[in-house]
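# 3D model of this:
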Amino acid sequence: HGYVSHSFCSPTRAGLLTGRYQQRFGHEMNPPYAPDNPAIGLPTNEVTIAAILRARGYVSGLVGKWHLGAAPPFHPLARGFDEVFGFLGGGHHYFPEKWTGETEYTTPLIRNRQPVEEREYLTRALGREAAAFVERHRARPFFLYLAFNAPHTPMQAPAEVEERFRAISNPTRRTYAA
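Below you'll find the predicted structure:
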């Protein structure tokens, strides 16, 4: 059996991280990327699993996509996470040369609250950081929330991976497969 609490991104994350149906606290839409708006995000009175586990001695990490509010009150570090590597918006470009702006898809990745200079394809960088988190904290209880951007748009894949799917004639489907 498989169950999902919502049909798209942010509400599902809200339900998963709070353990509650998001309809019960009004988080039923994807919030816009609004780093200056302290009213748009997962309601701050909702408790996350990261906060609960932190109180019980776990170290909690988020790697990847947050999409539960970009303003300071909604930041993962303010919601129970001890470590963050990824991005706050609902999607992101996959190649570092595109991470040059202030829009949702082009912001630099962050480590905790600081921008980082990353040189690796996004999916690989997130996997690397997740493995490093587990390695750093393997001797104690930990909770890692790993949220890859894939398969979200934009459809971007490394050329050497696309090459493995060269038998797919449709270029869009080939990139998606890669």
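# Which stretches in the chain count as strands?
Counting by DSSP state E, the chain has strands at residues 59-65, 83-87, 110-111, 114-115, 142-147.
# In contact with P32, which residues?
Going by C-beta atoms under 8 Å, 6 or more residues apart in numbering, P32 touches I40. Using the backbone N, CA and C atoms, a C-beta is placed for each residue, glycine as well.
# what's the pLDDT at the closest residue to P43 other than its chain neighbours?
Nearest residue to P43, sequence neighbours excluded (C-beta to C-beta, 6 or more residues apart in numbering): F25, at 5.4 Å. F25 is assigned a pLDDT of 94 by the prediction.
# Now do the top helix by length along the chain and strand 83-87, the angle between them.
Longest helix in the chain, counting residues (DSSP state H): helix 122-137. Orientation check (axes from the mean of the first three to the mean of the last three C-alpha atoms, to 10 degrees): helix 122-137 against strand 83-87 gives 180 degrees.
# how about helix 122-137 as CSV, C-alpha atoms only?
Provided in CSV are the C-alpha atoms of helix 122-137 (Å, rounded to 0.1, in the frame of the first residue of the first chain):
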residue,chain,number,x,y,z
LEU,A,122,22.9,19.3,-7.6
THR,A,123,21.7,15.6,-7.2
ARG,A,124,25.3,14.5,-6.6
ALA,A,125,26.0,17.3,-4.2
LEU,A,126,22.9,16.4,-2.1
GLY,A,127,23.8,12.7,-2.1
ARG,A,128,27.4,13.5,-1.0
GLU,A,129,26.2,15.8,1.8
ALA,A,130,23.6,13.2,3.1
ALA,A,131,26.3,10.6,3.2
ALA,A,132,28.7,13.0,5.0
PHE,A,133,25.9,13.8,7.6
VAL,A,134,25.4,10.1,8.3
GLU,A,135,29.2,9.5,8.6
ARG,A,136,29.6,12.5,11.0
HIS,A,137,26.8,11.4,13.3
